[in-house]
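Enquirer: Everything below, folded, please.
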Amino acid sequence: MSLTKPAMRGLLAKRLRFHLPIAFGLSLIAAAAFKFTVTEPRKQAYADFYKHYDSTKEFNAMREAGVFESVRPTGK
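Expert: Next comes the predicted model:
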């Protein structure tokens, strides 16, 4: 008794018809999950930070701490 030959003709197309929609669907789910779990909270955190950020106050605090070499602290 001999083994039957495998069906090689059209095998790639047959497997792609099955796997391509699954891969496409999973990639869309992964992209949506990344958007709503990483990107949106990060954008909200940046918006909250810059809502109350005072760059002049931050600059003066860093200048007084001696962070900048080219800017002298104001005399105390």
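Enquirer: Show me what counts as buried in stretch 49-61.
Expert: Buried residues in stretch 49-61, counting neighbours by 16 or more other CB atoms under 10 Å, are absent. Where you see a C-beta, it was placed from the backbone N, CA and C, and this is true even at glycine.
Enquirer: in this structure, which spans are helices?
Expert: 11-34, 40-51, 55-65 (DSSP state H).
Enquirer: hey, which helix or strand in this structure has the poorest pLDDT?
Expert: None of the helices or strands of the chain scores lower by mean pLDDT, DSSP states H and E than helix 55-65, at a mean of 91.
Enquirer: picking up where we left off before, is it possible to get a markdown table of the helices of the chain that adds distance to residue 1?
Expert: Formatted as a markdown table, the helices of the chain follow (distance: least, CB to CB, whole Å):
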| stretch | distance to residue 1 |
| --- | --- |
| helix 11-34 | 24 |
| helix 40-51 | 62 |
| helix 55-65 | 83 |
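Enquirer: wait, which of these is closest to residue 5?
Expert: helix 11-34 (12.1 Å; CB to CB).
Enquirer: quick check: angle from the closest one to helix 40-51?
Expert: 30 degrees (axes from the mean of the first three to the mean of the last three CA atoms, to 10 degrees).
Enquirer: Number the residues from 25 up from this point.
Expert: Done: numbering now begins at 25, and the last item shifts to helix 35-58.
Enquirer: Quick one: list the elements packing against helix 35-58.
Expert: For helix 35-58, there is no helix or strand it packs on, judged by 3 or more CB pairs under 8 Å, 6 or more residues apart in numbering; DSSP states H and E.
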